[in-house]
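Colleague: Everything below, folded, please.
(chains A and B, ligands or ions: 2)
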Number of protein chains: 2
Amino acid sequence: MVMKTPVGDHRRRFTCDDCGAIHYQNPRVIAGCLIEQDEKVLLLRREIAPQAGLWNLPAGFLENGETVREGAMRETREEAMAEVDLQYLHVVYNLPQFHQVYLIYYGALPQGRFGAGEETLEARFFAKSEIPWDEIAFESTKYALEKWLSRKPGDRQVYEGSLSLK
Amino acid sequence: MVMKTPVGDHRRRFTCDDCGAIHYQNPRVIAGCLIEQDEKVLLLRREIAPQAGLWNLPAGFLENGETVREGAMRETREEAMAEVDLQYLHVVYNLPQFHQVYLIYYGALPQGRFGAGEETLEARFFAKSEIPWDEIAFESTKYALEKWLSRKPGDRQVYEGSLSLK
Ligand SMILES: [Zn+2]
Ligand SMILES: [Zn+2]
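Modeller: Ligands and ions are numbered 1, 2, ... in the order given. This is a model prediction of the structure:
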């Protein structure tokens, strides 16, 4: 691997000596959703690292060929075995140090069915008073839950946060 | 390059025979902004391909280490020589076939200064009636302009669009 500036670019990029591929290092999008039903929120207990055993929202890396909404729906299908009806974009959460941007929708389960899918130990709805704050996997999830609790009826703004490392 | 499934992943990825690097192929974020001043919008005439000579919003690929807002501010500084005050997220526009997601903010120029920066032939504010619709570089830009024109005062929702190829 060597650092060089590709034609038409103005930054140096890792470029492979062997195959010539440019290893772009741009942030990746994580698409997810906060699903509410009867004033409860769906959380999934993670089966895999990082943060195995802790609770998270359905979410995962956006793949080529998908819109952000399609990515959030696919991840919900895979991890929570559920068909989500996405309503609005709830949170944009940046992790610049980790080269990630979370885009988290608010949604509902019109069919009500869900379960523990891929990479998931357990899927469960939690009432607002039951949220396991000490066992939440990621700061992005905490932020999305906090903004869910504080959002006023009819408010459709996107809440934007960033991880600041101490 | 070979296709194989990295440890902990569940999809096959291009992997370099030589250096072992995984060439992830995830969508990239383009951060940009629509800047309004005196009911006019700032457009930049592109110096470079694609769509050289056509008009666009300040926008470009988000880089590692940046939040989306920081990326939009940097691109505005580079291309329009301006310090933008970003206000709210205006548009999410998906180009799944091109592996891109545009995140476009609405903003203002508190200092009022701007100019033609990198990759820009000309920077100009256009009144609503002057927008050069036949010379707009990208569908994402058209969408952001249309939603700017139709947004009601006080409405803070994010408008979401996708490119559908005919
Ligand atoms: Zn390589
Ligand atoms: Zn290679």
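
Colleague: Could I get the full set of helices for chain A?
Modeller: Here chain A has its helices, by DSSP state H, at A:68-80, A:139-150.

Colleague: For A:Gln111, which residues are in contact?
Modeller: A:Ala82, A:Glu83 (C-beta atoms under 8 Å, 6 or more residues apart in numbering or on different chains). For every residue, glycine as well, the C-beta is placed using N, CA and C.

Colleague: Tell me, how many residues neighbour the residue nearest to A:Asn94 when sequence neighbours are not counted?
Modeller: In space, not counting the residues next to it along the chain, A:Asn94 is nearest to B:Thr67; the distance is 3.8 Å by C-beta to C-beta, 6 or more residues apart in numbering or on different chains. When neighbours are counted by other C-beta atoms under 10 Å in any protein chain shown, B:Thr67 registers 21.

Colleague: I figured B:Thr67 hits A:Ser162, correct?
Modeller: Yes: the pair B:Thr67 and A:Ser162 qualifies as a contact (C-beta atoms under 8 Å) at a distance of 5.2 Å.

Colleague: anything in contact with each of these two?
Modeller: Joint contacts of B:Thr67 and A:Ser162 (C-beta under 8 Å, 6+ apart) are A:Asn94, A:Pro96.

Colleague: tell me the contacts of whichever residue of chain A sits closest to chain B?
Modeller: In chain A, the residue that lies nearest chain B is A:Asp18 (3.1 Å; C-beta to the nearest C-beta). By C-beta under 8 Å, 6+ apart, the residues touching A:Asp18 are B:Cys16, B:Asp17, B:Asp18, B:Cys19.

Colleague: near ligand 1, which residues of chain A show up?
Modeller: A:Cys16 (C-beta under 5 Å from the ion).

Colleague: so where's chain A uncertain?
Modeller: Across chain A, the ranges flagged by pLDDT under 70 are A:1, A:7-10, A:22-24, A:166.

Colleague: you'd agree A:Lys40 is up against A:Ser129?
Modeller: No: between A:Lys40 and A:Ser129 there is no contact under C-beta under 8 Å: 10.2 Å.
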